[in-house]
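In: Next come a sequence and a model predicted from it.
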Amino acid sequence: MTVRVGVIGTGMIGEDHIRRMTAVLAGAAVTAITDVDKDRAAAVAERFGIQAVHATGRDVIADPGVDAVLVASWGPAHEEYVLASIAAGKPVFCEKPLATTPEACARILEAEAAAGRRLVQVGFMRRYDAGYRALKAAAGDGSIGAPLLAHMAHRNPAVPPTVTSEMAINDSVVHEIDVTRWLLGEEITAVMILAPRRSRFAAEGLQDPMVVVFRTASGVLVDDELSVNVRYGYDIQCEVVGETGNARLANGGAVAVTGEHGRATAVPADWRVRFADAYDEEFRAWIADVAAGRPPGGPSSWDGYAAAVVAGAAVRALRAPGWTDVPLRDRPVFYGVAGAAS
Ligand code: NAI
Ligand code: ISE
């Protein structure tokens, strides 16, 4: 069966996912798209030979030629389209964040529970990265003892001057929030923010860099450096420190080249390069689940909700010294075991 996918939002990642479903992966065809930027949608349709360009996301969801929906629009538009997909009974892959507030994510949880089946997968692609998977195995198989600490870094080359600290937490730190929950298999219970000297590239309203510290239910401490104007490239780091050893992510499998001028390892330009294989893998799995009529095996609405609640606490922590608690509701059995791997 070929899964016919409708795409809402044909910006940078939407177009990249259309490319992978059209030119890289088997089992899917993009049959309808939309974007509030009509010219952009038309150009993408022409580039990939897509027949239907609809006026709105709701038209894409209602299209009888669409079996499943990909939401890749701006975050504030996610809730509406995820809810409409659930109402239509269509599986929906929503790029992160699931929605921009915990309340919006809770409405999605409630809609999915009312529908009686899991239809939503959230785009936390790091769970599909080979390096992160090896790290999770090392953290869980006893080879480094029980995890005690983790050190993470999330460095982007540059962001537009309109990006604020709140946006950076919801857009970027949300990945480490998900990775922490998934790697350690437990919820984050408190968060704190440390604000070092600001980069000269940080625009007004942006604390850059910032260090976000998470405390988990069992007391593991995770420090995450977020720097969004490092200029040199896209640099993602993660190390888990256990009782008897530690496990560190090698940077995307990059090779160190030694030559006349020393030893150098390439740094990826952006997330499309660094996580290309992970995005392929998450879509391969999602397409297989949709084709088989199974609930999606990847990050769920619960994972999207939990990440939004932690992100919300981190935003409050920007203005509150010390720890800010994470007010998570109880996890419905519908979503299985806390922190379960995809
Ligand atoms: P973008 O700004 O390049 O593209 C977003 C597109 O959505 C734009 O073309 C915009 O016109 C369109 N759009 C906005 N509201 C819409 C609506 N109501 N209906 C239809 N189209 C609408 O942004 P980008 O980088 O592609 O990000 C899109 C989403 O993907 C965001 O939620 C972002 O956080 C997420 N993302 C995830 C990544 C990952 O690593 N998993 C990487 C990059 C983005
Ligand atoms: C972007 O939206 C993503 O999701 C990338 O994976 C992340 O690393 C980047 O910081 C975000 O801006």
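Out: Good, I have the coordinates. Numbering: from 1, shown residues only. Ligands and ions are numbered 1, 2, ... in the order given.
In: Report whether stretch 120-136 contacts ligand 1.
Out: Yes. Applying CB under 6 Å from any ligand atom, one finds that stretch 120-136 is in contact with ligand 1 at 123, 125. Where you see a C-beta, it was placed from the backbone N, CA and C, and this is true even at glycine.
In: Please, where are all the helices along this structure?
Out: For the chain, the helices defined by DSSP state H occupy 12-19, 38-48, 57-62, 78-88, 102-115, 130-140, 165-168, 174-184, 271-274, 276-292, 301-317.
In: what's the closest non-adjacent residue to Ala288?
Out: Closest residue to Ala288 in three dimensions, ignoring its sequence neighbours and counting by CB to CB, 6 or more residues apart in numbering: Gly27, at 7.0 Å.
In: residues near that neighbour, how many?
Out: Close neighbours of Gly27, defined as other CB atoms under 10 Å, add up to 14.
In: shouldn't it be in contact with Arg4?
Out: No. Applying CB atoms under 8 Å, one finds Gly27 not in contact with Arg4, separated by 10.8 Å.
In: which residue does the chain bring closest to ligand 2?
Out: Ser172 (3.4 Å; CB to the nearest ligand atom).
In: so that residue makes contact with Asn229?
Out: No. When contacts are counted by CB under 8 Å, Ser172 is not listed as touching Asn229 (11.9 Å).
In: okay, these two: which has more neighbours?
Out: More crowded of Ser172 and Asn229, by other CB under 10 Å: Ser172, with 22 against 19.
In: what's in contact with stretch 231-242?
Out: The set of residues external to stretch 231-242 that reach it, using CB atoms under 8 Å, 6 or more residues apart in numbering, is 132, 135, 138-139, 144-158, 179, 183, 201, 246-249, 251-252, 267-271, 273-274.
In: Of those, keep whichever come out buried.
Out: Under a neighbour-count criterion of 16 or more other CB atoms under 10 Å, the subset of the contacts of stretch 231-242 counted as buried comprises 132, 135, 138-139, 144, 147, 150-157, 179, 183, 246-247, 249, 251-252, 267-268, 271, 274.
In: So which residues on the stretch 101-250 of the chain come close to ligand 1?
Out: With CB under 6 Å from any ligand atom as the criterion, the stretch 101-250 of the chain comes near ligand 1 at residues 123, 125, 171.
In: Please report how far Ser218 lies from Asp141.
Out: Relative to Asp141, Ser218 is positioned 17 Å away (criterion: CB to CB, to the nearest Å).
In: Tell me which of the two has more neighbours.
Out: Legend: neighbour count by other CB under 10 Å for Ser218 and Asp141, higher for Ser218 (13 against 8).
In: and the residue nearest to the more buried one when sequence neighbours are not counted, backbone torsions?
Out: Spatial nearest neighbour of Ser218, chain neighbours left out: Glu186 (5.8 Å); criterion: CB to CB, 6+ apart. Comment: the main-chain dihedrals of Glu186 come out as phi -150, psi 160, following degrees, to the nearest 10.
In: Out of the helices of the chain, which gets nearest to Gly259?
Out: With CB to CB as the criterion, Gly259 lies closest to helix 271-274 of the helices of the chain, at 22.0 Å.
In: Who are the packing partners of the closest one?
Out: Here helix 271-274 is seen to pack against helix 12-19 when contacts are counted using 3 or more CB pairs under 8 Å, 6 or more residues apart in numbering; DSSP states H and E.
In: Name the residue most distant from the centre of this structure?
Out: Ranked by distance from the centre of the chain (CA atoms, centre = their mean), the top residue is Glu260, with 39.5 Å.
In: Quick check: that one vs ligand 1, distance?
Out: Using CB to the nearest ligand atom, to the nearest Å, one obtains 36 Å as the distance from Glu260 to ligand 1.
In: likewise Ile193?
Out: If you go by CB to the nearest ligand atom, the gap between Ile193 and ligand 1 works out to 20 Å.
In: again, but for Val7
Out: When CB to the nearest ligand atom is the yardstick, Val7 and ligand 1 sit 9 Å from each other.
In: give the contact list for that residue.
Out: 14, 17-18, 30, 32-34, 60, 69-70, 72.
In: Chain neighbours aside, what residue packs nearest to Phe48?
Out: Distances taken as CB to CB, 6+ apart place Thr22 nearest to Phe48, at 4.9 Å, with adjacent residues excluded.
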